[in-house]
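Here's my sequence, what's the structure:
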Amino acid sequence: MDRDRLLRHHVMDLLRGGNAHMSFAEAVASFPEAHINTRPPNVAYTFWHLIEHLRLTQADILDYMTNAGYEAREWPRAYWPAQDARAAQHDWDTSLASFGRDLEAIVAIVADTDTDLFGTVPSNDEHTFLREVLIVADHNAYHIGELGILRQVEGAWGPRHTG
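Predicted coordinates:
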């Protein structure tokens with residue numbers, strides 16, 4: 001396998017999870033509806049807030065990578081739902097689906113051999129596609145791990161999960 005294909009393969013694996021960290025799909029599998037709006041101890045946000053933060057941040061970086069007219073959003077307001085926002089199962093499901101679609105769009109950018117991973121994104125001539133996808137992978141891995149630990153703290157894994 002040539003270096004370019006190998007790099008793309010490794011980056012796609014990293015984005016999708018596995019290897020050294022849990023995948024998003026595993027972290028949210030069979031998530032109990034009763035815990036969607038739970039705030040774990042000493043945490044300022046709910047499980048749904050955390051999912052929305054992942055979704056909003058990833059969507060922003062996807063926009064940054066694909067839109068020459070990208071406009072920066074206000075931190076932190078635009079990257080988290082309101083503190084008092086609550087979600088129903090439909091909102092949870094919508095957030096998960098949107099996160100998955102955007103993640104696959106980013107994976108498709110990496111998989112596309114017409115994308116020069118070392119080339120700059122259209123919105124910033126100082127940032128490369130590789131830089132941006134590594135930020136997505138890093139941010140997602142951090143918060144997906146957090147989600148897994150918080151599920152463990154809340155006993156929200158169910159009887160079959162061993163941790």
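
Could you check how many residues crowd around Q89?
Neighbourhood size, Q89 [other Cβ atoms under 10 Å]: 10. From N, CA and C alone the C-beta is placed, and that goes for glycine too.

neighbouring strands for the longest strand along the chain, and are they parallel or not?
Scanning the chain for the longest strand, with DSSP state E as the assignment, gives strand 124-128. Within its sheet, strand 124-128 is paired with strand 120-121 (antiparallel), according to DSSP bridges.

Pull the residues that contact the partner strand.
Contacts of strand 120-121 with the rest of the structure, by Cβ atoms under 8 Å, 6 or more residues apart in numbering, involve 64-66, 126-129, 132.

at 6 Å instead, please
65, 127-129, 132 (Cβ atoms under 6 Å, 6 or more residues apart in numbering).

I'd like the residues you listed as a markdown table, with pLDDT, neighbour count and distance to R77 appended.
As requested, those are exported to a markdown table (pLDDT from 0 to 100; neighbours: other Cβ atoms under 10 Å; distance: Cβ to Cβ, whole Å):
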| residue | pLDDT | neighbour count | distance to R77 |
| --- | --- | --- | --- |
| M65 | 98 | 24 | 22 |
| H127 | 98 | 14 | 23 |
| T128 | 98 | 17 | 28 |
| F129 | 98 | 22 | 27 |
| E132 | 98 | 22 | 22 |
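
what's the farthest-apart pair in these?
Taking Cβ to Cβ as the measure, those span a maximum distance of 9.7 Å, between M65 and T128.

hang on, the earlier thing: could you point out which element follows the longest strand of the chain?
helix 129-154 (DSSP states H and E).

Report the angle between that next one and strand 124-128.
Going by axes from the mean of the first three to the mean of the last three Cα atoms, to 10 degrees, helix 129-154 is angled at 60 degrees with respect to strand 124-128.

Tell me the buried residues in helix 129-154?
129-133, 135-137, 140-141, 143-144, 146-148, 150-151, 154 (16 or more other Cβ atoms under 10 Å).

Summarise which helices and strands it is packed against.
The elements that helix 129-154 packs onto, with contact taken as 3 or more Cβ pairs under 6 Å, 6 or more residues apart in numbering; DSSP states H and E, are helix 3-16, helix 24-28, helix 47-66.
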